[in-house]
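Novice: Let me see the structure of the following:
(2 chains)
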There are 2 protein chains.
Amino acid sequence: MQRTEIAKYGEFGLIKHLTEKFKIQNASTLKGVGDDAAVLDYKDKQLLITTDLLLEGVHFDLVYVPLRHLGYKAAVVNFSDIYAMNGQPKQITVSLGISKRFSVEDLEEIYAGIELACKVYGVDLIGGDTSASLTGLAISITCIGEAEKDKIVYRNGARENDLICVTGDLGSAYMGLQLLEREKIVFSANSEVQPDFADKDYILQRQLKPEARKDVIQALADKGIIPTSMMDISDGLSSELIHICTQSNVGCRVYEDKIPINYQAVVMAEELNMSIVTAALNGGEDYELLFTARIEDYEKILTLENVGIVGHITKPELGLNLVGREGEEISLKAQGWNSLK
Amino acid sequence: MQRTEIAKYGEFGLIKHLTEKFKIQNASTLKGVGDDAAVLDYKDKQLLITTDLLLEGVHFDLVYVPLRHLGYKAAVVNFSDIYAMNGQPKQITVSLGISKRFSVEDLEEIYAGIELACKVYGVDLIGGDTSASLTGLAISITCIGEAEKDKIVYRNGARENDLICVTGDLGSAYMGLQLLEREKIVFSANSEVQPDFADKDYILQRQLKPEARKDVIQALADKGIIPTSMMDISDGLSSELIHICTQSNVGCRVYEDKIPINYQAVVMAEELNMSIVTAALNGGEDYELLFTARIEDYEKILTLENVGIVGHITKPELGLNLVGREGEEISLKAQGWNSLK
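Specialist: Modelled structure (predicted):
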C-alpha cells in the first residue's frame, strides 16, 4: 500500500485533503470546515462552533505551565476563535484524557482555570468527559458561540484597498515561550539556579495566560464597524495573512514598522539574539485579532484602543508583501508554528 | 499538598465534583453537564451538544480495530448520544492527534469511516483539527443535534409504574471484545495461527462497527410515543439504570429472563466460560437505547420492532433490583466499564 508522509501536506492542506469529499446535508449547516468556527443557522441567531485538541508535550509542557493557567488558556483560545468570527462565546464542553500521575487536586487546578475563564468571558460549561490516558494529558474543548445573522465575519471578505488591522502586540507570546525554554534548560543543568524572570512578567503572561479580544469585538460593535474579514492570530501574522488573502483572492502590503511590538519582547529578543519581527510574523500564540476594514471606516478605526493599522489589501497579482524599514519588499511566507513537522 | 487518587471518584463522580462550582450564565443554556447531551435553546428548535475523546490503548486497540471501523464507530457513538435525547444528529467536528507512525492513507481510512457514518446518518462534518501526538492516536468528536422543544427526553423523567424498555440485544459488543482479545493473545503466541472468527460475525460487528438507534427513534415518533426518560447503553444496563433511577429518584425491577440476548453472544460466553447476563448488565458498548415509557403506551410499544420490555419503575424505597430466573432478587450495582480504574 502507498505511504504518503503527513508532513507532505501540513495541517491545513491535510484537513482540506481529508474533508473535501464530505457533502453538506443539512440546511442548518451554513459554513463547515475552513474558518475559525463553523456556522449553523438558527433563525434570527446563528451559531458558531469551534474545537481544539491539546496534547501534552506537543501543545504544552507541564514542566513550566501551571495547570490552572493551562485550563485558562485552553478555554480562552477557543473563545478567541469565536470572537474572530465577530461572535460571542456562550458554551464550552471539556474532555480530559488523564494518566495516573494526575491527582484530583491536579484536575481541580485545571478546572479552576477553566472556571475563571468562563467567569471572565461569560461562558457556560455544558459537558464533556474525563477518561484515562496511557500517556500524558489530553484536553479537548469545543466552544459554541452566537452571532447576529448579518454580522458574522469570515476570512474571505477582504477587498482591494481595505485596511489591514491588528490588535494588541505580536511576538510577545513567542518570546515568553523562548524565555521559559531557556530557563528550563538552565534548570535541568543545575536545579539550584532559580529562574530569572525579572521584568519579564508581560511576555510570560502572554505565553501562559493569554486573553481573547472580547474588548475589541465590543468596541467594533459600539463604533458600528463590521470588518470585511477577520481571524485570530494563533500561528503568526504571516500565516494568517496568507489565509485571509488566499480565501479572499487578494494580495496585501504590510509595513514592518507598523507591526505592534512590546518593549519587553524587544529586550528579550535582543538577549536571545533573535529577530523580534520574525517572532511577530511567525511566532504565533498571541491570540490577537487580524482584520480588514473598509477605507471608509478609517477615521473610526483611529479612535479604537488597542488596534493598529499595519497595511492594506491589494490586487491579487501584486502578491503578499512585507515592506521593510528600508523600503525593501519581502514576500510573505507561511513559517507559522506547524505542529505536524 | 493533599493528594486524592482519581479512582476515589470514578468517572461520573469526578465530573460532578469538578463541574459543580460552574454557574450557568446564558439564557440559551437550558441543560449543561449531566445527560447524554447538553441542550441549548434556539427558539422553535433546541440544540443538543455531545462530545467524546477516544484515546488509543484505552478506548481502542489498533491491533484488531481497523482504522475505517474506528472512524465509523467514533462518529456513531456520538450520534447515539443525540438519539438518546430523542434528537437528530446534524453536525460533527473531528479533531485528531496523530503520531508519526500514521500515514496520510491511515488518516484517509479513519475519515472514510467517518464519512460513511455521516452519510448513513445524514450528518455534516463542520470542523476540527489535526495535530501531532507524541504517543498514540487521539480522536475527539463533538456532535450537534436538533430536537423539537417539547420532545427532548432527559434521564430524570422516569415515574413509578413506567415500563422499562431496551432496544436490540445486550452483551454482544462485550463478547465481541472478548473474542478479539482472545485471538490477539493466540496470535501473539504464534503468528501463524489464523484468527478463528467462524460464526462470530454478529458479535464482531457489534464491537467493531456498532450502529446507533435512529430506527427506533423514528418508530417512537411515528407511533406518537415520547419516552419519559432515555439514555444510550454505553457502559452496561446496570450502570445506565442506576443513572436513570438516581436522576429520576425512583427504583426499578428488571427481569433477567426479559433481557434481550443474541444467540452468538450466548455461544461465545459458553466458550469462554463467562456469564452472558453479566456481560449484558455490565459489558457496555452496545449503544442500544434504554428508555422508560408510560404504562398507557404499553400496546403501542408491543408493536415496535427491536424493542423489548424488561421491567418497570418502582418507588425509590424499593431500590434497584434484578429478578433472577428463580425469582430471587439481586441488587443492581454499577460495575460498568470504568476507564479510570
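Novice: what sits against residue A:168?
Specialist: Taking Cβ atoms under 8 Å, 6 or more residues apart in numbering or on different chains as the criterion, residue A:168 is in contact with A:213, A:260, A:286, A:288, A:306. Every C-beta, even on glycine, is put in place using the N, C-alpha and C of the backbone.
Novice: I'd say the third one and residue A:203 touch.
Specialist: No: under the criterion of Cβ atoms under 8 Å, residue A:286 makes no contact with residue A:203, lying 10.8 Å away.
Novice: picking up where we left off before, just the closest of the contacts of residue A:168 to chain B, please.
Specialist: Closest approach to chain B among the contacts of residue A:168 (Cβ to the nearest Cβ): residue A:286, at 18.3 Å.
Novice: Secondary structure element holding residue A:52?
Specialist: Using DSSP states H and E, residue A:52 falls within strand A:45-55.
Novice: show me where chain A has strands.
Specialist: For chain A, the strands defined by DSSP state E cover A:29-31, A:38-42, A:45-55, A:88-98, A:124-127, A:130-132, A:138-148, A:163-167, A:229-233, A:251-255, A:288-293, A:307-314, A:320-323, A:329-331.
Novice: which neighbours do residue A:286 and residue A:203 share?
Specialist: Here residue A:286 and residue A:203 have A:172-173 as joint contacts, going by Cβ under 8 Å, 6+ apart.
Novice: Now for the residue nearest to residue A:203 when sequence neighbours are not counted: which residues touch it?
Specialist: Of all residues beyond its chain neighbours, the one nearest residue A:203 is residue A:176 (3.9 Å), with distances taken as Cβ to Cβ, 6 or more residues apart in numbering or on different chains. Counting by Cβ under 8 Å, 6+ apart, residue A:176 makes contact with A:200, A:203-208, A:268.
Novice: Could you do residue A:279 as well?
Specialist: So residue A:279 contacts A:170-171, A:174-175, A:265, A:269 (Cβ under 8 Å, 6+ apart).
Novice: Before we move on, what's the pLDDT of it?
Specialist: pLDDT, residue A:279: 95.
Novice: for stretch A:203-212, the distance to its chain's centre please.
Specialist: Relative to its chain's centre, stretch A:203-212 lies at 12 Å (Cα atoms, centre = their mean, to the nearest Å).
Novice: Stretch A:136-143 now?
Specialist: In terms of Cα atoms, centre = their mean, the gap separating the centre of stretch A:136-143 from the centre of its chain is 16 Å.
Novice: How about stretch A:147-166?
Specialist: 17 Å.
Novice: So which bits of that stretch are buried?
Specialist: Applying a neighbour-count criterion of 16 or more other Cβ atoms under 10 Å in any protein chain shown, one finds A:147, A:152-158, A:162-166 buried in stretch A:147-166.
Novice: between the residues you listed, which is closest to residue A:329?
Specialist: residue A:164 (15.5 Å; Cβ to Cβ).
Novice: these two touch, right, the closest one and residue A:289?
Specialist: No: using Cβ under 8 Å, residue A:164 is not in contact with residue A:289, being 11.4 Å away.
Novice: And the pLDDT at the residue nearest to residue A:67 when sequence neighbours are not counted?
Specialist: Counting by Cβ to Cβ, 6+ apart, residue A:67 lies nearest to residue A:109, which is 3.8 Å off, once chain neighbours are set aside. For residue A:109, the model assigns a pLDDT of 89.
Novice: isn't residue A:109 right up against residue A:66?
Specialist: Yes: at 7.4 Å, residue A:109 counts as touching residue A:66 under the criterion of Cβ under 8 Å.
Novice: neighbour-wise, which of these two wins?
Specialist: When residue A:109 and residue A:66 are compared for neighbours, residue A:109 comes out ahead with 18 against 14, by other Cβ atoms under 10 Å in any protein chain shown.
Novice: Under the pLDDT cut-off, which ranges of the stretch 201-341 of chain A? List them.
Specialist: Within the stretch 201-341 of chain A, the segments meeting pLDDT under 70 span A:334-341.
Novice: List the contacts of residue A:70.
Specialist: A:60, A:62, A:110, A:113, A:139.
Novice: For the last one, give the beta-bridge partners.
Specialist: In this structure, residue A:139 bridges to residue A:54, residue A:96 when assessed by DSSP bridges.
Novice: distance of it from residue A:181?
Specialist: Using Cβ to Cβ, to the nearest Å, residue A:139 is found at 21 Å from residue A:181.
Novice: More neighbours: those two, which one.
Specialist: More crowded of residue A:139 and residue A:181, by other Cβ under 10 Å: residue A:139, with 26 against 14.
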